[in-house]
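Engineer: Mind looking at a prediction? Sequence and model below.
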Amino acid sequence: METEIELKYLVDADDVEQRISKLFVQENIKFSQQSKQLNNSYFDTDSLELRRLDMGLRVRTNPEYREQTIKTAGQVIGGLHKRPEYNITINTSQPDLSLFPEEIWPENYSLTALQNAIVPLFSTNFKREIWHVSHDFGQVEVAFDQGSIESGSESEIISEIELELMSGDIKALFSIASLLFTVLNMRPGRKSKAARGYAIWHQLKVPSIKPDSEMVDDEERHEQRHLIAPVSTAQSPVAAFYCGIEFGLAQIQESINAYILQPNLKHLFNLRDSLQMLSHGMSIFSTVVDTHKLSNITHLLDDLISELSWLDKAQHVADLTTKTGSYRKKLEYSKQLIEILKLKRESFPQNAAIISLLEGERFNQLQLSLLVLLLERQDDNESGALKSFAHQALEQSLIELVKATPQCDDMSPAQYLELKQQLTTSLITGCWFGELFSSELRRDYRSPWLDILYGIDELAIYALLQKQLQQLEQQPEKLIRWLDTKIENLVDALEYSRKSALAVTPYWHTN
């Protein structure tokens, strides 16, 4: 048995081979290079029996040999794949399950019945360019695969890099990956070729009725943006920290992949909120984890959050200029205003620049640094202290939120706009610890605060509109009167929600 330890990255470029070879030469890294054509057939039963056992079975053929491989249950963290695998040379295209060790199968399992039921489900066929790299910490195989995954009439392109640790310290893997980030735009691949093949096969068998709509209303947008970390009362604060880091890393990668597949601002909001959650978590847990390990990550997080600071304004302009939006009819009072807003919309980063950022060095380095943090997690001898730790963090968060709220009967629109950052931070604290408490009480407490957050976002749209109106040569009186009324009514609603929020007993006080 071998345990495969590798990093997978999806890459979209025409000159990958040349860039990698040139990089290794420039960095004086010793390597040998070769090419292979690999054809793989993946097998399972029609009921996906092997899949249910968390196993993957393939037969790989190239001009030199034919080999059957079975991979058993493994682990994927942040693009790092660890799976035990068994490889056996064979002479036929049909795998022989009896050649694998008996201990990998469940007790009293009918291997004969499984052997008779397996059929080919899909294939992966690709050219593999391989660099065998000698590093100070160990030996790494870098492979660039180009080809396709095919099942029936459906197919999907393969264009990915795999870095596998052949011997030595896993640091060698991370060091080579960091070098590749400097010359290639790519993103971690959380799904193996086999997982992607199963997805294609399943789509053929059970086609979806219709794709999910990209249109979401404001409330759904905000609900998606406040995910709850899956911590538990059995964990210590240190264990909860690493649990939240793994959760946040997965959310970052899912948001990036979602945007690449279907560009939409909601995926970037989800991405930014995941970054903010991790950044705030570094502060919350600074008393229980080694802050020296976190400094570089914190810097990267803050840098990338800043890179996405244009998102709110972009969403506000999009809301104002959408032809079917609730604001557009009122904006018809001023054609000049519409043209100004359209020009403003064009000033925000375009899709190509966004993708370049998401697949660029900084985002990849952040994800790799988070992965290293998870793999090098410090020893934890504590237990059972998390709820007390959470209570203190949530209480402090509420104190700071109340302190940021002016002690007056009525807040002004400007004061509400200034409150957004502190309110967001307070809600993120709840994202780290909310799972420890009653979900019903948590929803009751957060609901009026979320209403305030929704209202502040709407108020920001009005503030943007107000600013643009002041720059017009001709003031559209009807639009100005409408806007003044909307702001006044919205502030009244915000005041009601603020008083309601302050009257609700915090959910961590009742447990």
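Structural biologist: Everything's here; your move. Not measured: the values here are computed from a predicted model.

Engineer: for the chain, which strand is longest?
Structural biologist: The residue-count maximum for a strand in the chain (DSSP state E) belongs to strand 119-135.

Engineer: counting contacts, what elements does whichever helix or strand comes after it pack onto?
Structural biologist: Sequence-wise, the next helix or strand downstream of strand 119-135 (DSSP states H and E) is strand 138-151. Where contact means 3 or more Cβ pairs under 8 Å, 6 or more residues apart in numbering; DSSP states H and E, strand 138-151 is packed against helix 16-26, strand 119-135, strand 154-168, helix 171-181, helix 193-205. In this view, the C-beta of every residue, glycine as well, is placed from N, C-alpha and C.

Engineer: out of these, which comes closest to residue 416?
Structural biologist: For residue 416, the closest of the helices and strands packed on strand 138-151 is helix 171-181, at 40.9 Å, according to Cβ to Cβ.

Engineer: What about residue 319, how many residues nearby?
Structural biologist: Neighbours of residue 319 under the rule other Cβ atoms under 10 Å: 18.

Engineer: That one is in what secondary structure piece?
Structural biologist: helix 311-321.

Engineer: buried set for the longest strand of the chain?
Structural biologist: 121-126, 128-131, 133, 135 (16 or more other Cβ atoms under 10 Å).

Engineer: And for stretch 313-322?
Structural biologist: Residues 313-317, 319-321 are the ones in stretch 313-322 that count as buried (16+ other Cβ under 10 Å).

Engineer: Residues touching stretch 422-439, excluding its own?
Structural biologist: With Cβ atoms under 8 Å, 6 or more residues apart in numbering as the test, stretch 422-439 has contacts from 226-233, 240, 244, 273, 276-277, 280-281, 284, 386-387, 390, 393-394, 397-398, 400-401, 404, 442, 446, 449-450, 452-453, 456, 507-508, 510-511.

Engineer: Among these, name the buried ones.
Structural biologist: Neighbour counting over these (16+ other Cβ under 10 Å) leaves 226-229, 231, 240, 244, 273, 276-277, 280-281, 284, 386-387, 390, 393-394, 397-398, 401, 404, 442, 446, 449-450, 452-453, 456, 507-508 as the buried ones.

Engineer: among those residues, which are in strands?
Structural biologist: In this view, those have no member that belongs to strands under DSSP E.

Engineer: sorry, back to before: for the longest strand of the chain, name the packing helices and strands.
Structural biologist: Looks like strand 119-135 contacts helix 16-26, strand 30-44, strand 138-151, strand 154-168, helix 171-181, helix 193-205 (3+ Cβ pairs under 8 Å, 6+ apart).

Engineer: Relative to residue 91, which of those is closest?
Structural biologist: Of all these, strand 30-44 sits nearest to residue 91, with 14.9 Å by Cβ to Cβ.

Engineer: Isn't residue 126 up against residue 158?
Structural biologist: Yes. Using Cβ atoms under 8 Å, residue 126 is in contact with residue 158, at 4.9 Å.

Engineer: who touches both of these two?
Structural biologist: 145-148.

Engineer: tell me which of those residues is nearest to residue 178?
Structural biologist: Taking Cβ to Cβ as the measure, residue 178 lies nearest residue 145 of these, at 20.7 Å.

Engineer: Run a quick neighbour tally on that closest one.
Structural biologist: 20.

Engineer: pLDDT score for it?
Structural biologist: Note on residue 145: pLDDT of 96.

Engineer: Which residues are in contact with the residue nearest to it when sequence neighbours are not counted?
Structural biologist: Distances taken as Cβ to Cβ, 6 or more residues apart in numbering put residue 126 closest to residue 145, at 4.5 Å, once the chain neighbours are dropped. When the contact criterion is Cβ under 8 Å, 6+ apart, the partners of residue 126 are 37-38, 145-148, 158.

Engineer: got it, and residue 178?
Structural biologist: 365, 368.

Engineer: and it, how far is that from residue 401?
Structural biologist: Per Cβ to Cβ, to the nearest Å, residue 178 is found 39 Å from residue 401.

Engineer: Go through the contacts of residue 126 and say which is closest to residue 103.
Structural biologist: Closest approach to residue 103 among the contacts of residue 126 (Cβ to Cβ): residue 38, at 28.4 Å.

Engineer: coming back round to it: can you flag which of the contacts of stretch 422-439 belong to helices?
Structural biologist: 240, 244, 273, 276-277, 280-281, 284, 386-387, 390, 393-394, 397-398, 400-401, 404, 442, 446, 449-450, 452-453, 456 (DSSP state H).

Engineer: what helix or strand does residue 370 sit in?
Structural biologist: If you go by DSSP H and E, residue 370 is part of helix 361-375.

Engineer: Show me what that helix is packed against.
Structural biologist: Using 3+ Cβ pairs under 8 Å, 6+ apart as the contact test, the elements touching helix 361-375 are strand 75-77, helix 171-181, strand 186-188, helix 237-261, helix 291-307.

Engineer: Next up, the contacts around the residue nearest to residue 471 when sequence neighbours are not counted.
Structural biologist: Take residue 471 and drop its neighbours on the chain: the residue closest to it by Cβ to Cβ, 6+ apart is residue 340, 7.4 Å away. With contact set as Cβ under 8 Å, 6+ apart, residue 340 has these partners: 468, 471-472.

Engineer: at 10 Å instead, please
Structural biologist: For residue 340, the contacting residues are 317, 334, 468-469, 471-472, by Cβ atoms under 10 Å, 6 or more residues apart in numbering.

Engineer: from those, which is closest to residue 95?
Structural biologist: When the contacts of residue 340 are compared against residue 95 (criterion: Cβ to Cβ), the nearest one is residue 317, at 56.7 Å.

Engineer: measure the residue nearest to the closest one when sequence neighbours are not counted to residue 320 for me?
Structural biologist: Leaving aside its sequence neighbours, residue 317 sits nearest to residue 345 (Cβ to Cβ, 6+ apart; 4.8 Å). Using Cβ to Cβ, one obtains 9 Å as the distance from residue 345 to residue 320.

Engineer: quick one: which of the buried residues of stretch 313-322 is nearest residue 363?
Structural biologist: Nearest to residue 363 among the buried residues of stretch 313-322, counting by Cβ to Cβ, is residue 314 at 18.7 Å.

Engineer: if we can go back for a sec, which helices and strands does the helix holding residue 319 pack with?
Structural biologist: With contacts taken as 3 or more Cβ pairs under 10 Å, 6 or more residues apart in numbering; DSSP states H and E, helix 311-321 sits against helix 218-224, helix 265-284, helix 328-331, helix 335-346, helix 439-470.

Engineer: Contacts only, for residue 42.
Structural biologist: Neighbours of residue 42 in contact, by Cβ under 10 Å, 6+ apart: 50, 56-59, 69, 120-124, 149, 151, 193-194, 197-198, 201.

Engineer: Let's see the ChimeraX selection covering just the buried ones among those residues.
Structural biologist: Paste this into ChimeraX to select the buried members of the contacts of residue 42, with burial taken from 16+ other Cβ under 10 Å:
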select :50,56,57,58,59,69,121,122,123,124,149,151,193,194,197,198,201
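
Engineer: how about the closest residue in space to residue 120 that isn't next to it in sequence, what does it touch?
Structural biologist: Nearest-residue entry for residue 120: residue 41, 4.7 Å, with adjacent residues in sequence omitted and distances by Cβ to Cβ, 6+ apart. Applying Cβ under 10 Å, 6+ apart, we find residue 41 in contact with 57-61, 68, 93-95, 119-125.
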